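Chemist: 3D, please:
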Amino acid sequence: MSQINAYLNFDGNTREAMSFYQQCLGGELVMQKIAESPMAAQMPSEMGPKILHSNLSADGIVLMASDCVGKNIVNGNNVFLNINCHSSDEINTYFNGLAEGGKIIEPLHQSFWGATFGVLIDKFGINWMFNYSKK
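Modeler: Numbering: from 1, shown residues only. Below you'll find the model as predicted:
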């Protein structure tokens, strides 16, 4: 069964925000710095300590977030709905359906973390992320 999770983008304070959410909600928090990823070589060194991806899991709650330094983060464009898909057919069906009348930001592609990934804004202005990992 597929799952939808909220994905939050912050302007450099993901570590602070996600630590706060963990204090409030409990659970396990995992954070990956840009410096710890294959993207590190493509980024300025001062970006190294920023959070590329974080995941808070607690009693059925999954909250994900990252630092989007350099992007104009405002309330409204900082929240994405992320669908974790369970098959190639499923990700293609969901992505193509929600892209109709909307705007594709990142076409479905193989990501460095080994999953098929894509991003779009639907015709109602809602931000969507799609992820399918064969694992």
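
Chemist: Surely I104 and N127 touch.
Modeler: No. I104 sits out of contact with N127 when judged by Cβ atoms under 8 Å, with a separation of 12.0 Å. The C-beta positions use only the backbone N, C-alpha and C, and glycine is treated the same way.

Chemist: List the residues that are in contact with both of those two.
Modeler: Common contacts of I104 and N127, defined by Cβ atoms under 8 Å, 6 or more residues apart in numbering, comprise V119, L120.

Chemist: Looking at the two, which one has more neighbours?
Modeler: Comparing I104 with N127 by neighbour count (other Cβ atoms under 10 Å), the higher total belongs to N127, at 19 against 14.

Chemist: Contacts only, for the more buried one.
Modeler: N77, V79, F80, L81, V119, L120, I121.

Chemist: which phi and psi does it have?
Modeler: Dihedral angles of N127 (phi, psi; degrees, to the nearest 10) stand at phi -80, psi 130.

Chemist: ok, what's across the strand from it?
Modeler: I121 (DSSP bridges).

Chemist: And K33, by the same measure?
Modeler: I51.

Chemist: Quick check: pLDDT value at it.
Modeler: K33 is assigned 94 on the pLDDT scale.

Chemist: What distance do you get for it to K135?
Modeler: 22 Å (Cβ to Cβ, to the nearest Å).

Chemist: Out of the two, name the residue with the larger neighbour count.
Modeler: Per other Cβ under 10 Å, whichever of K33 and K135 has more neighbours is K33, with 17 against 4.
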